[in-house]
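Visitor: with the sequence up front, the predicted model follows.
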Amino acid sequence: MAEPSIIDAAFRGQCPRCGAKTLFEAPAQFAITCSQCDLPFGELEGWGRFIGLFTAIIALILITIAMAVDALLSPPFWLQVVIWAPLTIGVVLAALRVFKVIPLLAHYQRRYGEQED
């Protein structure tokens, strides 16, 4: 089976070895191992110490956009809450999944890539 792309691994949760949708056990938390092929995801996870900084940068960008929208359009508060709360959650979760999958796939390729060729 071909290794999944970053997008497939991040949004479909595909295991890099077998392609099963077992990579995540929570929206942005890796499973310990793949339930299909027993690949240890915990050993492959990287960049963990940068997650807080990455989340803060995303929050800063979203806050800046929200302030610009408020200054330009002056929508009511309830509309701001209805728009920005789910948008923020969705953007942060999507970005975290991609940010966490990139080093995992790189570590997988470095560790297991030569063995499977």
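Guide: Perfect, I can see it now. Quantities reported herein were computed from a predicted structural model and do not represent experimental measurements. Residues are numbered from 1 along each chain as shown.
Visitor: same for the helix or strand of the chain with the lowest mean pLDDT, what does it pack against?
Guide: Taking mean pLDDT, DSSP states H and E as the measure, the chain has helix 41-44 as its least confident helix or strand, at a mean of 88. Applying 3 or more C-beta pairs under 8 Å, 6 or more residues apart in numbering; DSSP states H and E, one finds that helix 41-44 contacts helix 77-116. Where you see a C-beta, it was placed from the backbone N, CA and C, and this is true even at glycine.
Visitor: what packs against the helix it packs on?
Guide: Using 3+ C-beta pairs under 8 Å, 6+ apart, helix 77-116 sits against helix 6-7, helix 41-44, helix 51-73.
Visitor: out of the ones you listed, which one sits most buried?
Guide: Comparing those by mean neighbour count (mean count of other C-beta atoms under 10 Å), helix 41-44 ranks first with a mean of 15.
Visitor: quick one: it to chain centroid distance?
Guide: The chain centre lies 15 Å from the centre of helix 41-44; the measure is C-alpha atoms, centre = their mean, to the nearest Å.
Visitor: give me the contacts around that helix.
Guide: Residues outside helix 41-44 that contact it (C-beta atoms under 8 Å, 6 or more residues apart in numbering) are Leu23, Phe30, Ala31, Ile32, Thr33, Cys34, Pro103, Leu104, His107, Tyr108, Arg111.
Visitor: which one of these is nearest Ala68?
Guide: Relative to Ala68, the closest of the contacts of helix 41-44 is Pro103; by C-beta to C-beta it sits at 32.3 Å.
Visitor: before we move on, which element is the residue nearest to that closest one when sequence neighbours are not counted in?
Guide: Computed as C-beta to C-beta, 6 or more residues apart in numbering, the closest residue to Pro103 that is not its neighbour in sequence is Gly46, at 3.5 Å. Here Gly46, judged by DSSP states H and E, is contained in no helix and no strand.
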